[in-house]
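build me a model from this:
(4 chains)
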4 protein chains.
Amino acid sequence: MNAILHQICRDCAPLSALGAVANYIPELAKADPEKFGICLYTGGGNANFAGDFLERFTMQSIVKPLILLQALLDSGEDAVRNLVGVEATGKPFDAFNYSDQALTGAHINPMINTGAIALCTLIHGDTYEERFCRLLELARQLSGNPELGVDEAVYHSEKATGNKNRALAYMLKAYGMIHDPVEDIVDCYFRACSIRVNCVELANIAFLFANHGRDFRSGQQLFPAKHARYVNAILATCGMYDGSGEFALRVGFPAKSGVGGGILGVVPGRMGIGVFSPALDKKGNSVAGIRALELLSQELNLSIY
Amino acid sequence: MNAILHQICRDCAPLSALGAVANYIPELAKADPEKFGICLYTGGGNANFAGDFLERFTMQSIVKPLILLQALLDSGEDAVRNLVGVEATGKPFDAFNYSDQALTGAHINPMINTGAIALCTLIHGDTYEERFCRLLELARQLSGNPELGVDEAVYHSEKATGNKNRALAYMLKAYGMIHDPVEDIVDCYFRACSIRVNCVELANIAFLFANHGRDFRSGQQLFPAKHARYVNAILATCGMYDGSGEFALRVGFPAKSGVGGGILGVVPGRMGIGVFSPALDKKGNSVAGIRALELLSQELNLSIY
Amino acid sequence: MNAILHQICRDCAPLSALGAVANYIPELAKADPEKFGICLYTGGGNANFAGDFLERFTMQSIVKPLILLQALLDSGEDAVRNLVGVEATGKPFDAFNYSDQALTGAHINPMINTGAIALCTLIHGDTYEERFCRLLELARQLSGNPELGVDEAVYHSEKATGNKNRALAYMLKAYGMIHDPVEDIVDCYFRACSIRVNCVELANIAFLFANHGRDFRSGQQLFPAKHARYVNAILATCGMYDGSGEFALRVGFPAKSGVGGGILGVVPGRMGIGVFSPALDKKGNSVAGIRALELLSQELNLSIY
Amino acid sequence: MNAILHQICRDCAPLSALGAVANYIPELAKADPEKFGICLYTGGGNANFAGDFLERFTMQSIVKPLILLQALLDSGEDAVRNLVGVEATGKPFDAFNYSDQALTGAHINPMINTGAIALCTLIHGDTYEERFCRLLELARQLSGNPELGVDEAVYHSEKATGNKNRALAYMLKAYGMIHDPVEDIVDCYFRACSIRVNCVELANIAFLFANHGRDFRSGQQLFPAKHARYVNAILATCGMYDGSGEFALRVGFPAKSGVGGGILGVVPGRMGIGVFSPALDKKGNSVAGIRALELLSQELNLSIY
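From the prediction side, this is the model:
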């Protein structure tokens, strides 16, 4: 297995030349496009890894499945489902193109910005500071690293430039889908996106979704299996933005990418994967990361289809 | 002429039953749908009027031609034209439906909210308080009433509920079309929309556009004729929202409506008209007001087409 | 006046270098981009002209106002208005982008292809051959040239390649807006677009719209004044495709362009204009033709706004 | 297992009252909404079934995976991928809403009408009659019923009323994505949609996709495993129209519905399912059919997520 991973590492790392590091948040533009790391976790003792698997990067959209999970845990499936739909939108993650006269939950889903921002309001907490802390706590618990924290430079960079997210949030508010102060909600969202992880931690989180919420080591059910299936199903249809169909064909399991360059890969019942390479394709997915998952899927026969 | 106006008043006032007072701003919902006023001004000594022509109401979108004029005066035609397009959008005034990947001036125009908000940034002033004061000063000068002021209740109601306008403004900011703090800009816009006028004052303003900027009484050119033509041309194609084509057919001259129930009618070279009735059709135009202008156009042969 | 026209001719003809001859219909691509002609008709004895004013070209979309007029004459204003709306669509002339679930008259207008195709069904005739003949007869009568005919090469070229128009027509049929065989209807439309005119004939047609249907020489009312106003109003708001707003600003009167390079200019109550130069801008309007009308409007103060 | 199926049959059949039989093709409106049938095939000797499992109905959109498979077999993955994209469109199956200025493969996919029509041109054959015969032959082979044929009444009904599909096909032709005569292509498509099957045959077809192309009985590989995965991946993301996300959540395996009331369910590596009940929900999916698959998935733990 380690040999496979090292080979993938050698084959894929150079592909970052075909993409470009995200630059819409100034701080993200500083990422080193040469970095490439991967980690596989199949439960039990050891994980397998290669490359810069300890390199830290911000979760960005990878935090969306955690926001969804926390909203499910705190407010239940009905409330989540009533607020935010589950269909692929056929549009980019930050699309501003809704029906003219009304915005409803049916137009959005938890894996696009509008949906994730809306779901922050279903996390419990007296303040959005508290809600963010619950999210961070969840990330720490699932990743197995109680030290997980926010990259303050990225967070401030997002907060300073995140006007499109503010626009989307005011739109939600204008249509009565959210009620709290927009700045508080997007602050929670910006901080959540700025949580810093490495590939090992991603693989741990992914494994818990793959294992339907049951911690392999302790045997403890960290969250209900039905929530894991809810998240995995949405990842399969919308996790890779408007590249989700292509990803299903080429790779074939639920996954979630972030513009920080990470991808969380969930092979239900088998394996969690974390991969990282910051150069992105035009849809915002890591070029080398997708190729690595494709090779891995072929090598280990991971497609669920 | 007065006989014609009184007849129109009798015929049209009851039509308010076919529409509904605007309710998206709570304070506007308090308007009395029974009110109907009209005033014609053709230069020289007397204006003609009928009904509740002294009833005051907020300008709402009728302030958009004034924002456009002030932006033209302060920053020039090139700057205005570069920031905001001139084509009809085929969409409602507050549409949120732009191309997915980019928002440019070509997608908006000065008579929809997005365009008018953007143009506030081209009015001179160290603060948005100052910019609003320039707008108010312009409204006072053109209307001939130096006492014109803001309806504070409507202004606060708009400020409290204007989240769609905030969303549009953040969108403009996200695409680098505006740079100042969103809350300052929309505050200027909300206050401008809340300036209170009556039909006589509207007719005076309209006459100055009809007379291409020249004050009939003093003979003074209050603003360049080319700016009047710029505004009138845009009113003819986009002044009545997505009812502009229908209005051109049925009435046939440049006009601008507002959800407060007023309509500013400009008959180039001949006449300025102010009409008021707060019940609106589905496109946001005064039902009785449009019918009054249609009858007047037929009676006096006012169509420019 | 002739001196003005010759100056405009010298100034504008070279502008064709900034555009490109239409190539979506193969036969149109053969037009000579160097040609430039203009003609003004103000009623009475003489017309004024300059350049290649006798050069013949196909009407293309300029036939749309004639289709609209014939439909008004044959089926009346209510039938026309019920079938096809009057608002600017904010989209290109051949846009394929309607609401997902339904197409209604409100989404189209007589100056875009979908609307013009629909209106062919409101022209009287047992066959579409007969309906086309009525249209041709109208064009002959209004232009004053009883010899007007179809450019067979262009007609066959359009028929061979006009699949987008067939798509639009089948869409109309799918939504129950038209009922006759699609191929018959689009054949009528293709032939109408292929009627060949010169600038003098265009100016004659335009003058009849400007003079509200009354023939200056015979004093005869060729069609009702209200139909002229209907057509002129629509030309003012939608006649130059999604460049109609810009045209209103820069030129300021109703007009209709065609991808053959002609523009029909209507100055209500004053003048009819025909101009021709086959190189088009990106919106499908003649580059040199628009500029010529702009100079003429400035020189003779023709703006109606 | 049979007990489970009979229970599902009793529980789900009455749900047809919540939907409505398709009426956009007149002939389909004649279906009996009371019918409900289901069949499971897991390879080997026996299938399990309940209800009206021998009732015949037309495949409608369920033929789309067969069109895709035949195109893959005849022209290869690259040709298929170049012509037609793989992303969910976020729109209804017959949406007419593409980008204004261009239609490309990226806007469509094999499970919406536009994509399926385009793929008919990648099936081998000198005529579209021949291409249809290849499709029918494939359906016969995969279903195990060499007698499979077309419901002539439905076929003629579709041919008579299928103008939206003609519109979509002319659009494809206008953008150079297809080249053959539109009427030939849509005729092939209409006939393919009208192939009549029952639940047992659907389950057999589904099982072959689930078993990655290998016939359980003969051990023969009927088509390459990679094509099965290609089809299954697309079914998972787009097989249930704009209800695919919801289906992934509630049921959790690849499936394809048709407006005839059938659903083909593919549980990779395990099982093929055919279910039938003609009353549809608003998205065009069988109401009782979806609920039956949901219960079955819960009972047998079939979700792949």
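
so for A:Gly144, what's the nearest residue that isn't a sequence neighbour?
Spatial nearest neighbour of A:Gly144, excluding adjacent residues (Cβ to Cβ, 6 or more residues apart in numbering or on different chains): A:Asn204 at 4.8 Å. C-beta here means a position set from N, CA and C on the backbone, and glycine is covered the same way.

report pLDDT for that neighbour.
With respect to pLDDT, A:Asn204 scores 97.

just the helices in the stretch 151-300 of chain A please.
A:152-161, A:163-174, A:182-193, A:199-210, A:225-238, A:244-250, A:287-300 (DSSP state H, counting those that start in this stretch).

closest one to D:Ile8 among those?
helix A:225-238 (20.1 Å; Cβ to Cβ).

that closest one close to chain B?
No - judged by Cβ under 8 Å from any Cβ of the partner chain, helix A:225-238 stays clear of chain B, getting no closer than 15.9 Å.

show residues contacting that helix.
Helix A:225-238 has contacts (Cβ atoms under 8 Å, 6 or more residues apart in numbering or on different chains) with A:65, A:68-69, A:72-73, A:77, A:86-89, A:109-112, A:208-214, A:244, A:248, A:253-256, A:266, A:268, A:304, D:88, D:236-237, D:244-245, D:248-249, D:252, D:303, D:305.

go again using 6 Å as the cut-off
The contact list for helix A:225-238, computed with Cβ atoms under 6 Å, 6 or more residues apart in numbering or on different chains, reads A:65, A:68-69, A:72, A:88, A:109-111, A:209, A:212-213, A:244, A:254-256, A:266, A:268, D:237, D:245, D:248-249, D:303, D:305.

just the residues you listed: which are in strands?
A:Ala255, A:Lys256, A:Val266 (DSSP state E).

my read is that the first one contacts A:Gly243, right?
No - judged on Cβ atoms under 6 Å, A:Ala255 makes no contact with A:Gly243 at a distance of 10.3 Å.

between these two, who's got more neighbours?
Remark: of A:Ala255 and A:Gly243, A:Ala255 carries more neighbours, 28 against 19, as counted by other Cβ atoms under 10 Å in any protein chain shown.

how much space between that one and C:Gln220?
Relative to C:Gln220, A:Ala255 is positioned 75 Å away (Cβ to Cβ, to the nearest Å).

what's the answer for A:Val150, then?
From A:Val150 to C:Gln220 the distance is 82 Å (Cβ to Cβ).

which one's more surrounded, the two?
Ranked by neighbour count (other Cβ under 10 Å), A:Val150 and C:Gln220 place A:Val150 first, with 19 against 9.

over to the residue lying closest to that one once chain neighbours are set aside: give its phi and psi.
Take A:Val150 and drop its neighbours on the chain: the residue closest to it by Cβ to Cβ, 6+ apart is A:Ser194, 4.8 Å away. Backbone torsions of A:Ser194, given as degrees, to the nearest 10, read phi -90, psi 10.

for A:Ser194, grab the count of nearby residues.
25.

list the contacts of it.
A:Ser194 sits in contact with A:Thr58, A:Val150, A:Asp151, A:Val154, A:Tyr155, where contact means Cβ under 6 Å, 6+ apart.

swap the cut-off to 10 Å and go again
By Cβ atoms under 10 Å, 6 or more residues apart in numbering or on different chains, the residues touching A:Ser194 are A:25, A:27, A:58-60, A:63, A:149-159, A:260.

any low-confidence regions in chain A?
A:90-102 (pLDDT under 70).

find the nearest non-adjacent residue to the residue nearest to the spatial centre of it, please.
Using Cα atoms, centre = their mean, the residue of chain A that lies closest to the mean C-alpha position is A:Ile62, 1.4 Å off. Distances taken as Cβ to Cβ, 6+ apart place A:Gly258 nearest to A:Ile62, at 4.0 Å, with adjacent residues excluded.

shouldn't that neighbour be in contact with A:Ala192?
No - counting by Cβ atoms under 10 Å, A:Gly258 stays clear of A:Ala192, with 11.1 Å between them.

which residues do the two both contact?
A:Thr58, A:Met59, A:Gln60, A:Val63, A:Lys64.

and chain A, what are its domains?
Split into domains by automatic domain parsing, chain A comes to A:2-60+A:196-300, A:62-193.

now the end-to-end length of the longest one.
Length of domain A:2-60+A:196-300, first residue to last, Cα to Cα, to the nearest Å: 13 Å.

got it, and the last one?
Between the opening and closing residues of domain A:62-193 we find a distance of 8 Å, counting by Cα to Cα.

report the distance from that domain to the chain centre.
Distance of domain A:62-193 from the chain centroid (Cα atoms, centre = their mean, to the nearest Å) equals 12 Å.

re earlier: just the shared contacts of A:Gly258 and A:Ala192 now: which is nearest chain B?
A:Gln60 (17.0 Å; Cβ to the nearest Cβ).

quick check, the closest one in contact with A:Leu66.
No - contact status for A:Gln60 versus A:Leu66: not in contact, 11.8 Å apart, counting by Cβ under 10 Å.
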